[in-house]
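Trainee: need a 3D model of the sequence below.
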Amino acid sequence: MAEVVSHKGRVTGCSDGKVTVEIVSESACAACHAAGLCTMAESSKKIIEVPLGTGELYVTGQEVEVCLAQKSGLKAVLFSYVIPVMILLILILSLSYSGLGELAVGLLSVGGTALYYLVLYLFRGKLAEGYAFYIKK
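Mentor: Residues are numbered from 1 along each chain as shown. Below is the predicted model:
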């Protein structure tokens, strides 16, 4: 069986054959009893839409577990972190050796990385088809 990445969440709504689940991501120190005093604890809320299967019924407020194949999670890390860093490094190194000034190299490198993220944004619908979330009760 394939490895699975899962997070606990709460159903916030159901409509159009989809369940909306809110996941609260917390840093490692968020569970510490002194987290409120040191202000180092971080948490963020993420909203995920999961397609409903046939015969599935969820109620707002219900605790569920949202799962994704680990292979899909690694692919997301590749697209969102590894490839942009590689683009940035390649552009910095190649443009530096071309004789451009530091400001131009920096701006073109950041611009090239921004262009990559723009392309990802434009193809977000197509990319989303490759990630299949599902819910375990």
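Trainee: next up, the contacts around Phe133.
Mentor: Phe133 makes contact with 48-51, 66-68, according to CB atoms under 8 Å, 6 or more residues apart in numbering. All C-beta spots, glycine's among them, are computed from the backbone N, C-alpha and C.
Trainee: biggest separation within those, which pair?
Mentor: The two members of those with the most space between them (CB to CB) are Glu49 and Cys67, at 14.3 Å.
Trainee: so where's the longest helix in this protein?
Mentor: Looking only at the chain and at elements set by DSSP state H, the helix with the highest residue count is helix 102-122.
Trainee: check which residues of that helix are buried.
Mentor: The neighbour-count criterion (16 or more other CB atoms under 10 Å) identifies 105, 108-109, 112-113, 116 as the buried residues of helix 102-122.
Trainee: dump those residues into JSON lines; add distance to Gly130 and pLDDT as well.
Mentor: Below are the buried residues of helix 102-122 laid out as JSON lines (distance: CB to CB, whole Å; pLDDT from 0 to 100):
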{"residue": "Val105", "distance to Gly130": "34", "pLDDT": "96"}
{"residue": "Leu108", "distance to Gly130": "30", "pLDDT": "96"}
{"residue": "Ser109", "distance to Gly130": "28", "pLDDT": "96"}
{"residue": "Gly112", "distance to Gly130": "24", "pLDDT": "96"}
{"residue": "Thr113", "distance to Gly130": "22", "pLDDT": "97"}
{"residue": "Tyr116", "distance to Gly130": "18", "pLDDT": "97"}
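Trainee: between those residues, which is nearest Tyr58?
Mentor: Using CB to CB, the shortest approach to Tyr58 within the buried residues of helix 102-122 belongs to Tyr116, at 36.5 Å.
Trainee: gap between that closest one and Leu88?
Mentor: In this structure, Tyr116 and Leu88 are separated by 9 Å, where distance is defined by CB to CB, to the nearest Å.
Trainee: report the longest strand in the protein, please.
Mentor: Criterion DSSP state E: the longest strand present in the chain is strand 4-15.
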